[in-house]
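Asks: Need coordinates for the following:
(one chain, ligands or ions: 1)
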Amino acid sequence: MKVVVIGAGVAGLGIAWRLARGGARVTVLERASVGAGATSASAGMIAAAAEMGHGDSPEAAFARRANGLWPDFAKELEAQSGVNIGYRRNGSLMVALRNEVRRHSHSAENPGAANLHAQGADITMLDGETARAKEPMLTGNVAGAIWAPHEALVDSQALCRALAVAFVRAGGELQSNETVVRIETDAGHATGVVTPFKTHKADAYVLAAGAWSSRIEGLPPEAVPPVIPIKGEILVLAQPAGARLPEHTVWGNEIYVTPRGNRLLVGATVERAGYDTSLSQDAQEWLRKQSNGLMPSLEEWEIAEHWAGLRPASPDGLPILGETAVKGLYVASGQYRNGILFAPAVAEVLSRLVLERTADVPAFSPLRFAGTKPDTVSVIETPHKGGEWRTGF
Ligand SMILES: Cc1cc2nc3c(=O)[nH]c(=O)nc-3n(C[C@H](O)[C@H](O)[C@H](O)COP(=O)(O)OP(=O)(O)OC[C@H]3O[C@@H](n4cnc5c(N)ncnc54)[C@H](O)[C@@H]3O)c2cc1C
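Replies: Numbers count the residues shown, from 1 in each chain. Sure thing, here's the model as predicted:
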């Protein structure tokens, strides 16, 4: 079987790697370079409980499934690529500051925390003092925290490199700097993808172009995934000589901080700004102010990097995963804030669907939108532009 995958982010590469391992002849077409989209911009948190709790929703179940797949996925990927992806279960602390106890959804005194407990999530409630003992850099203003020991992280830039190497070693063909401009169809079937260089023909096509998945021409409206970009900015702080780096991912004061190597990522803004990825002074000041409020000694840390990326969001907030109204054209998109967390499950579900026609997740079917326009997506933005409170990945 021959398959063409559009997009070399974590979704496209993960699926392509699994397809190639499953015996398919796979070509990945990437407009720019490996990981050029949201994947490299992400914080790399594998945070099922912090984001989705432990409920019965299809998304929460999918997150738990993905979280369970991660350790073996990481091990296999590192073995096959020889690239260290920095996967580790460092645990998350979801902290409530005294002034935000009433409104923080992860507050130890908030029903959200009780719900997590009631639903059987593997979490522990900590008082302020115990939370500070776990992360001594925390402000003395901590009222309490939830400790989620199974939350993990990965270096998403290394993850992309590893996936690309493993994919090519499995026999895959990776074409960077080759933009898909059109998908051709005939009588309801996908028949080719057109780039400036040639028309690629295959038995199946996978559209994994992230926030750009709705922008490729040629599809009938009912087959266009209604994905829109949601901008996120992250600051990277450099650890000063002699300073200790936080060990865990810490959520609180409307942001999160998470370690990567000898640096600390502070994120992230959530903003509807079209395809603009410019860096804003507002975002930088807001992230700085919030992280200083969470860990006052961070005031001394210098900004090493500042970046922005575009998350692929869908109208109902769920991933879009499966075959479209055009036969032979599959979509993997709409993972919004959780594309790194979901990656092993996305790769498994979509590769099995293409190769064996099994393992579909009906709740994520692209057919549920039937021609919905991409502009119907609604998100709650962070306050740096006057939006409401919401911590976003
Ligand atoms: C600031 C920020 C922080 C985040 N933090 C986290 C986190 O901690 N944990 C988590 O789970 N998720 C996080 N996310 C979300 C996560 O990054 C995304 O959900 C995920 O990376 C989406 O992966 P993707 O492969 O679908 O898209 P992308 O990584 O965007 O990849 C799509 C690729 O398609 C290519 N492409 C586009 N159009 C074409 C075309 N016409 N032809 C060929 N190629 C094309 C692009 O160049 C790109 O390389 C974060 C996102 C942001 C922005």
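
Asks: where does the stretch 1-150 of the chain dip in pLDDT?
Replies: Applying pLDDT under 70 to the stretch 1-150 of the chain flags residues 50-54, 101-121.

Asks: Flag every residue of it that's near the ligand.
Replies: By Cβ under 6 Å from any ligand atom, the residues of the stretch 1-150 of the chain that approach the ligand are 6-12, 29-32, 36-39, 41-45. (C-beta placed from N, C-alpha, C; glycine too.)

Asks: Drop anything exposed from those residues.
Replies: 6-12, 29-31, 36-39, 41-45 (16 or more other Cβ atoms under 10 Å).

Asks: From those residues, which land in helices?
Replies: Counting by DSSP state H, those place V10, A11, G12, A38, T39, A41 in helices.

Asks: Now for those: which two are most distant?
Replies: G12 and A41 (15.6 Å; Cβ to Cβ).

Asks: A32 versus the residue in the stretch 101-250 of the chain positioned nearest to the ligand, what's the distance?
Replies: When scored by Cβ to the nearest ligand atom, the stretch 101-250 of the chain has G210 as its residue closest to the ligand, at 2.5 Å. Separation of G210 from A32 (Cβ to Cβ, to the nearest Å): 11 Å.

Asks: shared neighbours, the two?
Replies: The contact sets of G210 and A32 do not overlap (Cβ atoms under 8 Å, 6 or more residues apart in numbering).

Asks: Which helix runs longest in this structure?
Replies: Counting by DSSP H, the longest helix found in the chain is helix 58-81.

Asks: Give the pairing partners of the following helix or strand past that helix; include direction for each.
Replies: The helix or strand immediately downstream of helix 58-81 is strand 92-97, counting by DSSP states H and E. With DSSP bridges as the test, strand 92-97 is paired with strand 142-148 (antiparallel), strand 249-252 (parallel).

Asks: The shortest one and the ligand, are they touching?
Replies: No - counting by Cβ under 6 Å from any ligand atom, the ligand has no neighbours in strand 249-252; the shortest distance is 8.6 Å.

Asks: one step back: export the strands paired with strand 92-97 to CSV and tack on mean neighbour count?
Replies: Shown next, in CSV, are those (neighbours: other Cβ atoms under 10 Å):
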stretch, mean neighbour count
strand 142-148, 24
strand 249-252, 28
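
Asks: Pipe those into JSON lines and attach distance to R169 per row.
Replies: Shown next, in JSON lines, are the strands paired with strand 92-97 (distance: least, Cβ to Cβ, whole Å):
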{"stretch": "strand 142-148", "distance to R169": "35"}
{"stretch": "strand 249-252", "distance to R169": "31"}
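
Asks: nearest to A20, of these?
Replies: Taking the strands paired with strand 92-97 one by one with Cβ to Cβ, strand 249-252 is closest: 32.2 Å.
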